[in-house]
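Novice: Here's a sequence, model it:
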Amino acid sequence: MSGSSNDLIRPPAGGTTRKGTGFPASVILLWCFLWPLFPACSRQSDANPGQILRLSQRNEPATLDPQLATLPDEFFIIRALSEGLVSPSPDGGPPLPALAEKWRQTADGLTYYFDLRPGLKWSNGDPVTADDVAYSIQRALTPRLAAPKAALFFSLKNARAYYQGSVTDFSAVGVRAAGRGHLVFTLQEPTADFLAMVASGPWIPVHRSTVERYGADWTRPGNFVGNGPFVLTAWRPNQEVVVAQNAGYWDSGHVGLREIRFLAFDNGDTEERAFRAGQVDVTMSVPFSKLSTYRAARPPVWRSVPLHETRYLALNTTRPPLNDRRVRRALSLAINRKELVEKVLRGGQRPAFSFIPPGLGGYVPETLISEDTGEARRLLAEAGFPEGRGFPRLDLTTWVNTPVLEAIQQTWHRKLGIDVAIVQHEARTHLAALVAGDYAIAMVTAIPDYDGASDLFTSLTSRDPGNYPHWSDAEFDRLVADSGRLGSAAARSAARHRAEKELLEAMPLIPLYFNSMNFLLQPAVQGWRADALWTRFYKNVHLHEK
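Specialist: Numbers count the residues shown, from 1 in each chain. The predicted model follows:
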């Protein structure tokens, strides 16, 4: 999740190496002093009794309700407690069976039939039924709940209309429970990414009687009823969330952990120290200042997972001079993305020459961003700002301190003669400003909700709440809508390629890089899996005990 801007350990040129390690002797000695991770120099600290996995948790969950959660940190816990009809694949392939053991769709792509596994139980022993799933979808679409991800259900017939209040009878929505174990979904129109949407977190069902009995408190320990591999046993705010194995889970034979403890840490340095002390098994990240050192020791503990996560600069297209596409293109053309990831971040990130990450839902970008300082200067002069003269000083806002923005600030000053001020806000304030359009240039993270390119494309259509640049283009909207319903994969790709070309020519945003998740994993942890969408997979994970 983070890169590094400096090395702690630099092997001396021509230094002696210890036979069989490939590392200079001085490095080995320093590692033994600083990081007790190698068998040759490790010490036992806070030994982990039994199959108890300790995970770093960076953000305190606002909720464990799958229809209200928004953060990956919240879904880390929710997916341990509950699951949906289908599950994301650890390998990035098609969704896998979960509550549903099989499904099929009609030839016209408008109807899906799901068959639940027999004998499914909630953690309180109640049977899991098709009615539970239908109720959960109705709940997510009820306006008063204000589900932040309600749009993930809009592919269902009349779902959007029900959410907006123009349809008031839920029986008109394309959801029907056919007996206890069968569901029928009718779509508004053919939707290529529908199954990927069903695998997303907000589609995870909830236990109706529990929700209705406890209201907002249904997610508290002692109240929570789920259908997943673990049950909630403790939640101490800003300290830890604890889940224990659910013996009644349908696939309990593949659950090797007795307990998972999600431990709260407010920064990367604190969690890294806890990792070195043997108090944490898996971290969320690696501090900038120590990433290069840990990378040198990759075999024992360092892991990196490329993410389908685009870090970009949103440009407020309603605010001069950013309402001029020549200015927007000039700002983008001046940035050297390869230099950003290789010299500044250095954590396995990839330069973003497109907005949609390659491989997301099988998408392969066709139009790529170019970089040309001369053309950037020409466009800026043509827009009335030769060598940056007369260009207003704009704020570049962010929620996280990152050397990337300082590098961009220096690049624009050196190459274009313009100045921006970096302003850091609290995360919620930053997001509110993006939604309201109360900013000039802003750092944004785009994390898709499911493994499908339509998610990110849709977020930039007119009036979508995720359209932070407040940009509107009728042709782009049409192409995105077409790409979602076309039955042919080739036709969908062609429409999406035209849409991305339209986007990158208008440049309402500046893609910078595709992020990576860098974290530390104790050697005792076996079978750990995480995908490109921040999904963790707890089945088949166990601790190797000496």
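Novice: count of residues packed around the nearest residue to Gly417 once chain neighbours are set aside?
Specialist: For Gly417, ignoring the flanking residues on the chain, the nearest one in space by C-beta to C-beta, 6 or more residues apart in numbering is Gly388 at 2.7 Å. Using the backbone N, CA and C atoms, a C-beta is placed for each residue, glycine as well. Gly388 is flanked by 17 other residues according to other C-beta atoms under 10 Å.
Novice: so Gly388 touches Arg414, yeah?
Specialist: No. The criterion here is C-beta atoms under 8 Å, and Gly388 misses it with Arg414 at 10.4 Å.
Novice: and the top strand by length along the chain, average pLDDT?
Specialist: The strand spanning the most residues in the chain, taking DSSP state E as the definition, is strand 302-315. Mean pLDDT, strand 302-315: 96.
Novice: which parts of stretch 360-378 are buried?
Specialist: Across stretch 360-378, burial judged by 16 or more other C-beta atoms under 10 Å covers 360-363, 365, 367, 369, 371, 373, 376-377.
Novice: what ranges do the strands span in the stretch 201-350 of the chain?
Specialist: 230-236, 240-245, 259-264, 302-315, 350-351 (DSSP state E, counting those that start in this stretch).
Novice: List the pairing partners of the last one within its sheet, with orientation.
Specialist: Same thing as strand 350-351. strand 509-520 (antiparallel) (DSSP bridges).
Novice: Could you report the distance from Ala481 to Pro190?
Specialist: 12 Å (C-beta to C-beta, to the nearest Å).
Novice: quick one: secondary structure of Ile408?
Specialist: Classification of Ile408 by DSSP: H, G, I helix; E, B strand; the rest coil places it in helix.
Novice: Got the phi and psi for Gln522?
Specialist: In terms of degrees, to the nearest 10, the main-chain angles of Gln522 are phi -60, psi 140.
Novice: Surely it and Val301 touch.
Specialist: Yes. The pair Gln522 / Val301 is scored as a contact, 6.8 Å apart, by C-beta under 8 Å.
Novice: Name the residues contacting each of those two.
Specialist: Phe275 (C-beta atoms under 8 Å, 6 or more residues apart in numbering).
Novice: Report the rounded mean pLDDT for stretch 126-135.
Specialist: 98.
Novice: Give the buried residues for it.
Specialist: 126, 128-130, 132-135.
Novice: Adding distance to Leu394 and secondary structure, write those out as TSV.
Specialist: Formatted as TSV, the buried residues of stretch 126-135 follow (distance: C-beta to C-beta, whole Å; DSSP: H, G, I helix; E, B strand; the rest coil):
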residue	distance to Leu394	secondary structure
Asp126	56	coil
Val128	53	coil
Thr129	55	coil
Ala130	53	helix
Asp132	50	helix
Val133	48	helix
Ala134	49	helix
Tyr135	48	helix
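Novice: now, which of those residues sits nearest Tyr162?
Specialist: Checking the buried residues of stretch 126-135 against Tyr162 by C-beta to C-beta gives Ala134 as the nearest, at 12.7 Å.
Novice: what's the spacing between the closest one and Thr106?
Specialist: 19 Å.
Novice: Identify each buried residue in stretch 410-418, please.
Specialist: So for stretch 410-418, counting by 16+ other C-beta under 10 Å, buried means 411-412, 415-416, 418.
Novice: Specify the beta-bridge partners of Val243.
Specialist: Leu232, Ile260.
Novice: and it, what is it in contact with?
Specialist: Here Val243 is in contact with 77, 80-81, 230-233, 259-260, 262 (C-beta under 8 Å, 6+ apart).
Novice: Pull the number of nearby residues for Tyr513.
Specialist: Tyr513 has 23 nearby residues by other C-beta under 10 Å.
Novice: show me the contacts for the residue lying closest to it once chain neighbours are set aside.
Specialist: Excluding the flanking residues, the one nearest Tyr513 by C-beta to C-beta, 6+ apart is Gln349, at 4.5 Å. Residues near Gln349 by C-beta under 8 Å, 6+ apart: 3, 341, 513-516.
Novice: where does Asp115 land in three-state SS?
Specialist: strand.
Novice: likewise Pro465?
Specialist: Per three-state DSSP, Pro465 ends up coil.
Novice: for Ile52, what are its contacts?
Specialist: Per C-beta under 8 Å, 6+ apart, neighbours of Ile52: 257-261, 543.
Novice: quick one: which of those is nearest Asn158?
Specialist: Nearest to Asn158 among these, with distances taken as C-beta to C-beta, is Ile260, at 39.3 Å.
Novice: For the closest one, report the pLDDT, please.
Specialist: On pLDDT, Ile260 comes in at 98.
Novice: now do Ala407
Specialist: Confidence score, pLDDT, at Ala407: 98.
Novice: And for Ala432?
Specialist: 94.
Novice: what helix or strand does it sit in?
Specialist: Using DSSP states H and E, the element containing Ala432 is helix 427-436.
Novice: Now flag whichever of the buried residues of stretch 410-418 is closest to Asp451.
Specialist: Distances from Asp451 to the buried residues of stretch 410-418, taken by C-beta to C-beta, are shortest for Thr411, at 33.4 Å.
Novice: Was I right to think the closest one contacts Ala334?
Specialist: Yes. Contact between Thr411 and Ala334 holds when scored by C-beta under 8 Å: they sit 6.0 Å apart.
Novice: Disregarding flanking residues, what is the spatial nearest neighbour of Ala474?
Specialist: Ser462 (7.6 Å).
Novice: about what we covered before: strands - which of the buried residues of stretch 410-418 land there?
Specialist: Using DSSP E, no member of those falls in strands.
Novice: Any regions of the chain where pLDDT drops low?
Specialist: 1-49, 486-487, 546 (pLDDT under 70).
Novice: where along the stretch 301-450 of the chain do the helices fall?
Specialist: Along the stretch 301-450 of the chain, the stretches classed as helices by DSSP state H, counting those that start in this stretch are 325-333, 337-339, 373-382, 403-416, 427-436.
Novice: who touches the last one?
Specialist: Right, helix 427-436. Against helix 427-436 from outside (C-beta under 8 Å, 6+ apart): 314, 397-400, 425, 438-439, 442, 444, 465, 468.
Novice: and the residue nearest to Ala474, how many neighbours?
Specialist: Residues near Ser462, counting by other C-beta under 10 Å: 13.
Novice: quick check, it in a strand?
Specialist: No. Ser462 is assigned coil when assessed by three-state DSSP, not a strand.
Novice: Now do it against Pro143, distance only.
Specialist: 22 Å.
Novice: what sits against the most centrally placed residue in the chain?
Specialist: With distances taken as C-alpha atoms, centre = their mean, Ile447 lies nearest the centre of the chain, 4.1 Å away. By C-beta under 8 Å, 6+ apart, Ile447 lies in contact with 72, 307-309, 533-534.
Novice: In the longest helix belonging to the chain, which residues are buried?
Specialist: As assigned by DSSP state H, the longest helix anywhere in the chain is helix 489-506. Buried residues in helix 489-506, defined by neighbour count with 16+ other C-beta under 10 Å: 492-500, 502-504, 506.
Novice: shouldn't the residue nearest to Ala474 be in contact with Asp473?
Specialist: Yes. Here Ser462 reaches Asp473: they are 7.5 Å apart, a contact under C-beta under 8 Å.
Novice: Among the contacts of Val243, give me the pair with the biggest separation.
Specialist: Among these, Val231 and Phe262 lie farthest apart (C-beta to C-beta), at 13.9 Å.
Novice: related to what we said a few turns ago, which among the contacts of Ile52 end up buried?
Specialist: 257, 259-261, 543.
Novice: Between which two of the residues you listed is the distance greatest?
Specialist: Arg261 and Leu543 (12.4 Å).
Novice: where exactly do the helices run in the stretch 101-250 of the chain?
Specialist: 130-141, 159-164, 194-198, 208-214.
Novice: Give me the angle between the longest helix of the chain and strand 509-520.
Specialist: Relative orientation of helix 489-506 and strand 509-520, computed by axes from the mean of the first three to the mean of the last three C-alpha atoms, to 10 degrees: 110 degrees.
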